[in-house]
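Asks: coords please:
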Amino acid sequence: MNLPNEIRIVIADDHPIVRSGLRTVIESHAALRVIAEADDGAAALAAIAQTQPDIAILDVNMPGLSGFDLARQLQTHKLSVAVIFLTIHSDAVMFNEALDLGARGYVLKESAVTDIVNSIHAVAAGELFISAALTEQLQQRQANATATPKTGLPTLTATERRILRLIAANKESKDIAAELSISHRTVENHRANICRKLGLSGHNALLHFALHHKLDLLY
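Replies: Numbering: from 1, shown residues only. Sure thing, here's the model as predicted:
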């Protein structure tokens, strides 16, 4: 039985000591509950599909499916779960790839004991959480986004931006309609208007754009 405001979590890491340590830290907080563990990407995908957690904490380097491969599979299977990557990698390439895949958190293993609970609470509240050591990486990413050619996002209305955020979260039109309390036809009209303003065409062009600019849509 789920408790009110309980945050349900799956942990995936191929090192049992790491999983055990994370679980101990996480479950020392009453509102947080680890509902499943996995030691590789394939097992994690199955656990997430079965348990439908709020948050998945994924090691970037796992046998079989890597954390990044698993994130792609979650999108393909339309499994709505917020992803926090756990990693030893602090380089810009890995960091940017993680955010491009829609990660809501990026926690370095060296600071996991102090960061993991804060990251869970931040992500559950709809915020982005990055380990403090990566602040410069995030600032550089935001600066690059500002310096890139116009994406057309400023031409969108507040409703269109909200719909684009929901598309980036892999929501289908019927789900968006229910969440915004509008008709399916209205959502489709908004999608068409967004595509026109952004100069997009093709079946998956809007989804690809939304995923690529997911971070831009937070501001």
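Asks: quick check: E160 vs A210, distance?
Replies: For E160, the distance to A210 equals 11 Å [C-beta to C-beta, to the nearest Å]. No exception for glycine: its C-beta is placed from N, CA and C like everyone else's.
Asks: comparing these two, which residue is more hemmed in?
Replies: A210 (24 against 17; other C-beta atoms under 10 Å).
Asks: what does the helix or strand harbouring that one rub up against?
Replies: For A210, the host element (DSSP states H and E) is helix 205-212. With C-beta atoms under 8 Å, 6 or more residues apart in numbering as the test, helix 205-212 has contacts from 75, 100-102, 164-165, 167-168, 170, 191, 194-195, 198, 200, 217.
Asks: how about the helices of this protein, start to end?
Replies: 16-26, 41-51, 67-76, 92-100, 112-124, 135-147, 158-168, 173-180, 184-198, 205-212 (DSSP state H).
Asks: by mean pLDDT, show me the worst of those helices.
Replies: Lowest mean pLDDT of the helices of the chain: helix 135-147, a mean of 75.
Asks: run a quick neighbour tally on the nearest residue to D13 once chain neighbours are set aside.
Replies: Distances taken as C-beta to C-beta, 6 or more residues apart in numbering place D59 nearest to D13, at 4.0 Å, with adjacent residues excluded. Counted with other C-beta under 10 Å, the neighbours of D59 add up to 26.
Asks: could you give the bridge partners of D59?
Replies: For D59, the beta-bridge partners are L86 (DSSP bridges).
Asks: ok so, going back, among the helices of the chain, which is nearest N5?
Replies: Taking C-beta to C-beta, helix 112-124 is the member of those nearest to N5, at 9.1 Å.
Asks: which elements pack onto that closest one?
Replies: Applying 3 or more C-beta pairs under 8 Å, 6 or more residues apart in numbering; DSSP states H and E, we find helix 112-124 packed against strand 7-12, helix 16-26, strand 55-59, strand 82-87, strand 105-108, strand 129-130.
Asks: and the spatially most central residue of the chain, what does it touch?
Replies: Centroid-nearest residue in the chain, with C-alpha atoms, centre = their mean: A103, separated by 3.4 Å. Taking C-beta under 8 Å, 6+ apart, we find A103 in contact with A71, V83, I84, F85.
Asks: ok, T51 touching I11?
Replies: No: contact between T51 and I11 fails when scored by C-beta atoms under 8 Å: they sit 11.6 Å apart.
Asks: how near is the residue nearest to K174 when sequence neighbours are not counted to T135?
Replies: Among residues not flanking K174 along the chain, H184 sits closest, at 5.8 Å (C-beta to C-beta, 6+ apart). Distance, H184 to T135, using C-beta to C-beta: 42 Å.
Asks: minimum pLDDT in the contacts of A103, which residue is that?
Replies: A71 (92).
Asks: more neighbours, H184 and T135?
Replies: H184 (13 against 10).
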